[in-house]
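[1] Predicted structure and sequence below. I'll ask about it afterward.
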Amino acid sequence: MMQLQEERFFSPDPAQRRVALNLYTQVKDLPLVCVHGHVNPAMLAASSYGWGSPVDLLIIPDHYIFRMLYSQGISLEELGITPKAQESLFTPPDHRQIWQTVCDHWHLFRGTPSSLWLRDELRNIFGIEEKMNSANAQKIYDLLEEKLRSPVFQPRQMFERFHIEVLATTDAATDTLDHHRAIRQSGWSGRVIPTFRPDAVVNIDNQHFAANIERLSEVSASKISGYRSYIAALEQRRRFFKEMGATATDHGATSTYTEHLSETEAERIFQRALRGEASTDDARRFTGHMLIEMARMSVEDGLVMQLHLGSYRNHNALLHERFGADMGADIPTASEFTHNLKPLLDAFGRERDLTLIVFNLDESTYSRELAPLAGHYPALRLGPPWWFFDSLNGIRRFFDNIIETAGIYNTVGFNDDTRAYPSIPARHDLWRRASADWLAGLVVRGIIDEEDAAEMIVDLAYRLAKKAYKLEA
């Protein structure tokens with residue numbers, strides 16, 4: 001049977017463990033504020049939604065799981081991932097067999113966040129106490145299939161059971177937000193809001209950039225003929241997203257580089273991009289310029305600006321060619337902020353009307369650059385550990401390296417950043433436990449007292465995210 005200790009993830013030191021449990025107890029039932037993630041709004045737009053099989057829900061969408069299995073020689077085809085060139089011909093394995101394959105190799109995940117999350121999901125959401133292994137695979141599959149057919153496991157019912165106060169999705173700048181409109185019109189009380197993600201129409205090294213600009217013209221009902229009309233179309237889309245409830249934007253870039261271009265130079269690069277003639281340097285400079293432009297727009301329209309940095313996307317070229325993007329072969333890269341982000345901060349870092357939340361995959365920058373920068377510039381806030389570091393030890397390292405210089409009030413609490421809908425409560429619970437234990441360590445060492453810790457744990461679990469993302473009203 002699967003054991004979930006009430007004091008899991010806490011220090012073995014009895015004094016720290018006592019304080020940690022007391023702090024965690026104060027926040028474990030607080031509502032979940034899910035300010036950044038990738039849940040498909042379509043599942044919440046319909047009153048009745050079909051999950052498919054347990055594999056459709058828990059395995060196929062989860063690159064955390066299949067990247068580990070791939071590292072051990074298991075092909076993506078064995079896990080039900082369809083090759084692009086064989087889409088019409090490919091017959092995936094039976095989903096029971098896929099589930100068996102995953103369970104046969106579940107020992108690979110011991111000690112990883114995936115193991116902690118899924119263990120929590122099975123026990124606390126689906127009421128399954130069996131451990132994932134070869135012997136229990138089919139029994140667990142049967143139990144999950146039965147649960148997923150039950151009305152209480154419909155997305156909206158789970159949303160309410162998870163005690164989600166607000167959930168933000170991530171949506172392309174060209175999205176019509178029809179699913180969000182359907183949610184609004186359905187009469188359901190759940191608060192689901194979009195987030196403006198313009199990468200496909202900003203990063204000009206995207207091979208579909210010209211087609212994406214055509215789509216931007218269509219949805220903005222404007223003819224984009226040059227840089228100035230392009231900027232106007234983006235501003236129009238931001239207004240539309242805000243009308244649909246958005247409070248934030250989200251931007252992904254490999255580099256932290258920012259540069260202010262003249263309108264003439266931006267126009268030249270934009271026209272080269274439309275013709276498919278832009279160079280690598282053009283792409284670096286244009287993206288850097290557009291980050292400053294997006295900060296300028298955020299000052300004007302009030303949308304919080306999120307910046308996710310430092311991932312070398314699709315590192316495995318053969319896998320990318322065979323299966324497409326986002327197949328788990330993304331690798332963190334080194335980043336530099338002090339010089340690269342300076343043009344943006346020179347322009348808007350002192351603006352109190354801008355909230356710029358930075359997420360980074362280079363942990364070496366935490367204490368050297370990010371904490372001092374966030375501890376100085378009024379506009380800058382630090383997002384929680386992201387992606388590879390959204391883990392128990394990653395959270396501890398974040399606190400150890402950031403808080404001494406920046407304090408917790410230049411951070412923004414937690415976001416789950418997940419596509420795996422049932423993992424949302426487990427991810428928030430891990431953050432709350434890790435936060436409680438870290439604060440308890442400060443208490444037993446006499447750095448803070450329990451009264452301050454009690455206020456700080458509520459901030460880390462709940463209030464910081466609401467304030468940073470302007471969700472308090």
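    Thanks, I have it.

[2] do you know how far the residue nearest to Arg275 when sequence neighbours are not counted is from Phe270?
    Distances taken as Cβ to Cβ, 6 or more residues apart in numbering put Ala210 closest to Arg275, at 7.9 Å, once the chain neighbours are dropped. For every residue, glycine as well, the C-beta is placed using N, CA and C. For Ala210, the distance to Phe270 (Cβ to Cβ, to the nearest Å) stands at 11 Å.

[3] same thing with Tyr49?
    Taken as Cβ to Cβ, the span from Tyr49 to Phe270 is 41 Å.

[4] Compare neighbour counts for the two and give me the winner.
    Legend: neighbour count by other Cβ atoms under 10 Å for Tyr49 and Phe270, higher for Phe270 (23 against 15).

[5] What about the residue nearest to Arg275, how many residues nearby?
    So Ala210, with other Cβ under 10 Å, has 13 neighbours.

[6] What confidence value was assigned to it?
    Listed pLDDT for Ala210 reads 97.

[7] I'd assumed it was in a helix, is it?
    Yes - per DSSP: H, G, I helix; E, B strand; the rest coil, Ala210 lies within a helix segment.

[8] So it sits against Gln271, correct?
    No - counting by Cβ atoms under 8 Å, Ala210 stays clear of Gln271, with 10.9 Å between them.

[9] Quick check: which element contains the spatially most central residue of the chain?
    Closest residue to the average C-alpha location of the chain: Asp417 at 2.3 Å, with Cα atoms, centre = their mean. Asp417 belongs to no helix or strand when assigned by DSSP states H and E.

[10] Skipping its backbone neighbours, what lies nearest Leu373 in space?
    Beyond its immediate neighbours in the sequence, the residue positioned closest to Leu373 (Cβ to Cβ, 6+ apart) is Leu380, lying 5.7 Å away.

[11] thought that neighbour was touching Lys342?
    No - with contacts counted by Cβ under 8 Å, Leu380 stays clear of Lys342, the gap being 11.8 Å.

[12] Next up, the contacts around the nearest residue to Asn316 once chain neighbours are set aside.
    Sequence neighbours aside, Ala329 is the residue nearest to Asn316 in space, at 3.6 Å (criterion: Cβ to Cβ, 6+ apart). Residues near Ala329 by Cβ atoms under 8 Å, 6 or more residues apart in numbering: Arg67, Asn314, His315, Asn316, Leu319, His320.

[13] Summarise which helices and strands whichever helix or strand the fifth one is part of is packed against.
    Secondary-structure element containing Leu319, defined by DSSP H and E: helix 317-323. The elements that helix 317-323 packs onto, with contact taken as 3 or more Cβ pairs under 8 Å, 6 or more residues apart in numbering; DSSP states H and E, do not include any helix or strand.

[14] Buried residues, it. List them.
    Leu319, His320, Arg322, Phe323 (16 or more other Cβ atoms under 10 Å).

[15] so how far is that helix off the chain centroid?
    23 Å (Cα atoms, centre = their mean, to the nearest Å).

[16] and that helix, average pLDDT?
    Taken as a whole, helix 317-323 carries a mean pLDDT of 90.

[17] what ranges do the strands span in the stretch 1-150 of the chain?
    32-34 (DSSP state E, counting those that start in this stretch).

[18] pLDDT weak spots in it?
    1-2, 86-88 (pLDDT under 70).

[19] Quick check: closest non-adjacent residue to Ser115.
    That would be Phe109: by Cβ to Cβ, 6+ apart, it lies 4.1 Å from Ser115.

[20] same deal with Pro155?
    Met43 (4.4 Å).

[21] and if you look at Ser134?
    The shortest distance from Ser134 to any non-neighbouring residue, by Cβ to Cβ, 6+ apart, is to Asp104 (4.9 Å).

[22] burial measure for the one you found, as a count.
    16.

[23] One more: the one 10 residues further on?
    One way to gauge burial is a neighbour count; for Ser114, by other Cβ under 10 Å, it gives 19.

[24] now the residue nearest to Asn316: how far from Ser71?
    10 Å.

[25] Same check on Asp171?
    Relative to Ser71, and taking Cβ to Cβ, Asp171 is found at 31 Å.

[26] try Val152
    Distance of Val152 to Ser71, given as Cβ to Cβ: 36 Å.

[27] With Glu129 instead?
    29 Å.

[28] Between those two, tell me which one has more neighbours.
    Taking other Cβ under 10 Å, Glu129 and Ser71 do not tie; Glu129 has more neighbours (13 against 10).

[29] Backbone dihedrals for the more buried one, please?
    Backbone torsions of Glu129, given as degrees, to the nearest 10, read phi -100, psi 0.

[30] With Tyr462 instead?
    Dihedral angles (degrees, to the nearest 10) for Tyr462: phi -150, psi -60.

[31] ok, the closest residue to it other than its chain neighbours - contacts?
    Of all residues beyond its chain neighbours, the one nearest Tyr462 is Leu30 (4.8 Å), with distances taken as Cβ to Cβ, 6+ apart. If you count contacts by Cβ under 8 Å, 6+ apart, Leu30 has them with His163, Val458, Ala461, Tyr462.

[32] Need the residues that contact the strand or helix carrying the second one.
    Just to be clear, that refers to Val458. Using DSSP H and E, Val458 sits within helix 450-458. Defining contact as Cβ under 8 Å, 6+ apart, one finds that helix 450-458 is touched by 19, 22-24, 26-27, 30, 408, 432, 435-436, 439-440, 442-443, 448.

[33] For the helix or strand just after that helix, which outside residues touch it?
    As assigned by DSSP H and E, the chain's next helix or strand after helix 450-458 is helix 464-468. Here helix 464-468 makes contact (Cβ under 8 Å, 6+ apart) with 33, 35, 304, 355, 357, 381, 408-409, 411-415, 471-472.

[34] per-residue confidence averaged over stretch 297-308?
    98.

[35] Can you get me the start-to-end distance on that stretch?
    18 Å (Cα to Cα, to the nearest Å).

[36] Off-centre distance for it?
    Remark: stretch 297-308 is offset 17 Å from the chain centroid, using Cα atoms, centre = their mean.

[37] do stretch 453-473 as well
    For stretch 453-473, the distance to the chain centre is 18 Å (Cα atoms, centre = their mean).

[38] check contacts around the nearest residue to Met327 once chain neighbours are set aside.
    Leaving out its chain neighbours, the residue that sits closest to Met327 by Cβ to Cβ, 6+ apart is Leu319, at 5.3 Å. When contacts are counted by Cβ under 8 Å, 6+ apart, Leu319 is found next to Tyr70, Leu76, Met327, Ala329.
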